[in-house]
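> sharing a model prediction with you, sequence too.
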Amino acid sequence: MSVDLVLCNAKAYVGKKLVDCSFAINEGKILKIGKEANMPKAETKIDLKNLLVLPGLIDVHVHLRDEGKAYKEDFYSGTAAAVAGGIATVLDMPNNNPVTMSVEALKNRMKKAEKKILVNVGFYSEFPKKNSEIEKIVTEGAVAFKLFMAEQVGGLNIDDDSALLEAFKIAAEMKVPIAVHAEDRSSLKEAEHKFKRANCNDIHAFLKAHSESVEAKAVKRILNITKQIGAHIHFCHVSTEDGLKVIVDEKKKGTPITCEATPHHLLISSDELKQIGTLALTMPPIREKHHLTALWDGIKNGWIDIIASDHAPHALEEKKAKTVWDVKVGVPGLETTLPLMLTEVNRGRLSIADIVSLMAEKPAEVFKLPNKGYLKEGYSADLTVIDLNKKYRIDASKFHSKAKYSPFDKWTVEGKPVKTFVNGQLIMEDEEIVAKPGSGQIIRRE
């Protein structure tokens with residue numbers, strides 16, 4: 001028997017440990033893992049020269065934009081950024097133009113993406129205006145719903161607990177996760193208006209408006225609703241000690257909730273934000289140092305399930321508006337997340353097992369992505385190949401993303417993705433895209 005590809009001389013994370021092995025890959029799947037001598041004949045053979053091989057990493061929080069926002073990012077540039085960053089699968093957020101909140105919008109988005117993407121892409125939907133549409137959206141293949149609590153984006157009235165409860169009930173019955181951006185709208189808007197009236201338009205005012213209590217209040221409200229029905233809530237980009245504590249207390253009771261943290265909330269403090277300026281402005285914002293410590297403790301103790309980039313690219317001029325309230329929030333992260341986390345491995349704060357758990361295994365488990373997240377025979381041949389000793393400076397001007405800026409620009413990192421395979425195909429090698437648009441696959445919920 002001859003297979004499509006054999007990868008030999010790998011040091012791979014297989015079965016919870018690093019092993020020296022080779023991979024036989026056929027028709028997009030891992031056919032065999034074992035010694036090189038036991039590999040079948042192959043059309044192509046690649047020597048990985050003892051580089052580290054991890055399961056193809058999964059980023060569950062990505063804004064690929066395109067459609068009405070293609071000037072910020074499109075399906076090709078966004079997935080090129082992903083694969084350059086060692087990410088094989090992304091989940092796309094729904095706040096596009098048009099908003100993904102109907103069967104028609106989801107179908108159109110999938111159709112437009114399939115000819116451009118370089119990685120596997122699954123899609124979130126916002127909740128629709130009519131609950132009767134929820135089941136149809138799931139049947140069409142949405143992997144999860146997104147609820148943005150800072151202002152209404154989808155069809156669901158975010159100020160109406162009864163409306164949230166009824167929508168959550170349907171999602172719970174269909175066993176679909178609900179990803180929540182937890183910032184309390186009324187508290188946030190009240191504070192924002194107060195600062196605007198006082199002509200306070202700087203980062204200091206922004207941080208005060210997006211206070212710690214704004215996050216914790218929203219987390220508590222959602223938990224009070226979901227506790228009644230057991231819907232799976234996934235809290236996006238947790239940023240505060242208080243917000244995480246509420247989540248941890250609820251997890252200890254066995255409530256089916258999960259959460260994620262981002263590199264910018266883990267690695268940059270509010271003091272550094274004030275030096276960097278609005279380029280690093282995000283929602284929720286970057287916090288004081290004791291919150292960073294709390295998030296790292298959350299990872300160490302297993303309370304934070306996932307690390308995600310919250311890749312949210314904007315045009316550079318949108319990051320430099322006259323007042324802080326007009327600045328578009330978010331930063332690109334697909335090309336920096338893995339190198340930053342590998343640097344923490346080299347510093348001893350994370351292990352390779354942590355990286356695989358936080359960026360492959362748990363994302364696949366939480367969002368029910370079959371045959372992904374592990375290097376196993378029969379699983380998708382998504383592989384991230386890493387040079388763990390490669391030191392370099394992040395240069396945002398060379399990003400594949402259209403957003404050529406980063407709060408981590410010029411940071412020295414140690415550990416770099418050097419090859420990314422998606423469904424058995426080599427897509428990225430040494431920063432270059434070596435596959436055609438459309439090489440990735442649309443992921444539909446089964």
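Okay, I see it. Not measured: the values here are computed from a predicted model. Residues are numbered from 1 along each chain as shown.

> regarding this structure, what is its longest strand?
strand 2-14 (DSSP state E).

> give the buried residues for that one.
3-8, 10-14 (16 or more other Cβ atoms under 10 Å). The way it works is simple: take the backbone N, C-alpha and C, and place the C-beta from them, glycine included.

> export that strand to CSV, keeping only CA atoms.
The C-alpha trace of strand 2-14 is given here as CSV (Å, rounded to 0.1, in the frame of the first residue of the first chain):
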residue,chain,number,x,y,z
SER,A,2,1.2,3.5,-0.8
VAL,A,3,0.0,6.5,1.2
ASP,A,4,0.0,10.2,0.4
LEU,A,5,2.7,11.3,2.9
VAL,A,6,5.1,10.1,5.4
LEU,A,7,6.6,12.4,8.0
CYS,A,8,9.6,10.9,9.6
ASN,A,9,12.0,11.8,12.4
ALA,A,10,9.5,13.7,14.6
LYS,A,11,9.4,14.3,18.3
ALA,A,12,5.7,14.3,18.8
TYR,A,13,3.2,14.8,21.6
VAL,A,14,1.3,11.5,21.4
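
> adjacent strands (with direction) for that strand?
Strand pairing for strand 2-14, determined by DSSP bridges: strand 17-26 (antiparallel), strand 41-47 (parallel), strand 52-55 (parallel).

> tabulate those in JSON lines, adding columns for mean pLDDT.
Formatted as JSON lines, these follow (pLDDT from 0 to 100):
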{"stretch": "strand 17-26", "mean pLDDT": "98"}
{"stretch": "strand 41-47", "mean pLDDT": "96"}
{"stretch": "strand 52-55", "mean pLDDT": "98"}
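
> now distance to Asp430 too, for the buried residues of strand 2-14, in JSON lines please.
Conversion of these to JSON lines gives the following (distance: Cβ to Cβ, whole Å):
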{"residue": "Val3", "distance to Asp430": "25"}
{"residue": "Asp4", "distance to Asp430": "22"}
{"residue": "Leu5", "distance to Asp430": "18"}
{"residue": "Val6", "distance to Asp430": "20"}
{"residue": "Leu7", "distance to Asp430": "16"}
{"residue": "Cys8", "distance to Asp430": "19"}
{"residue": "Ala10", "distance to Asp430": "17"}
{"residue": "Lys11", "distance to Asp430": "19"}
{"residue": "Ala12", "distance to Asp430": "20"}
{"residue": "Tyr13", "distance to Asp430": "22"}
{"residue": "Val14", "distance to Asp430": "24"}
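
> what sits against the nearest residue to Leu57 once chain neighbours are set aside?
Distances taken as Cβ to Cβ, 6 or more residues apart in numbering put Met359 closest to Leu57, at 4.6 Å, once the chain neighbours are dropped. The neighbours of Met359, taking Cβ atoms under 8 Å, 6 or more residues apart in numbering as the test, are 57-59, 306-307, 337-338, 341.

> same thing with His237?
61, 181, 260-262, 265, 282, 284, 308, 310.

> 7 Å - rerun?
Applying Cβ atoms under 7 Å, 6 or more residues apart in numbering to His237 gives the contacts 61, 260-262, 265, 284, 310.
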